[in-house]
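> could you work out the structure for the sequence below:
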Amino acid sequence: MRFLIDNALSPAVAQALNEVGHDATHVRDYGLQTARDEEVFSRAVEENRVIVSADTDFGTLLALRGVCKPSLILYRRQTGYLPEKQVELLLENLERIQNSLEKGAVVVFEQERIRIRPLPIQYENDRTD
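Below you'll find the model as predicted:
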C-alpha cells in the first residue's frame, strides 16, 4: 500500500513500513512538515496514498468535503506514541483493513478496538432538533 505519514507521527513509521515492502513517505520528505492539513490532504489524493496520522482534523476534512479518498488511518492517544508500536499495530491489522482502505475509509486505532468507517462520511451540518 501507499502511505503518507503525517507530521503528528515519527518519520520512523514511514521507514519501518518501507522496510517491509510498502510505499510510505513522511511529510518531511516533501518539505511539508509545517504545511496545513489541506496541503497534506491534497498530496495524498494526488499520489493515491492513505494518510496515517494522530491528527483528528483529517477526519473533519473528509466529512466536510464528502469525498471517498484519501483513506485515513488515525491513531488515538490510547494507542501510545512509540513508532514501533504504531507500525506493529498497523501491520498486525493491515490484512483486515486493506480492502476498506482501498475503497475509502477512516480506520481508527484505539486501545481496545479498531473502528472502520466507510467514506464518504455523512456530515450533518443542517440538523434540526
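> residue contacts, residue 109?
Residue 109 makes contact with 73-76, 79, 89-90, 93, according to C-beta atoms under 8 Å, 6 or more residues apart in numbering. C-beta: built from backbone N, CA, C; applies to glycine.
> what mean pLDDT does the lengthiest helix in the chain have?
Secondary structure of the chain per DSSP state H: the longest helix is helix 83-103. Helix 83-103 carries an average pLDDT of 96.
> name the next helix or strand downstream of it, please.
Counting by DSSP states H and E, the element after helix 83-103 in chain order, helix or strand, is strand 105-109.
> by neighbours, which of the contacts of residue 109 wins?
residue 73 (28 neighbours; other C-beta atoms under 10 Å).
> hey, what's residue 50 bridged with?
Beta-bridge partners recorded for residue 50 (DSSP bridges): residue 3.
> quick check, residue 32 in a helix?
No - when classified by DSSP: H, G, I helix; E, B strand; the rest coil, residue 32 is found to be coil rather than part of a helix.
> isn't it right up against residue 43?
Yes - contact criterion C-beta atoms under 8 Å: residue 32 and residue 43 qualify, at 6.7 Å.
> returning to that earlier point: nearest to residue 19 among the contacts of residue 109?
Distance to residue 19, by C-beta to C-beta, is smallest for residue 90 among the contacts of residue 109, at 13.0 Å.
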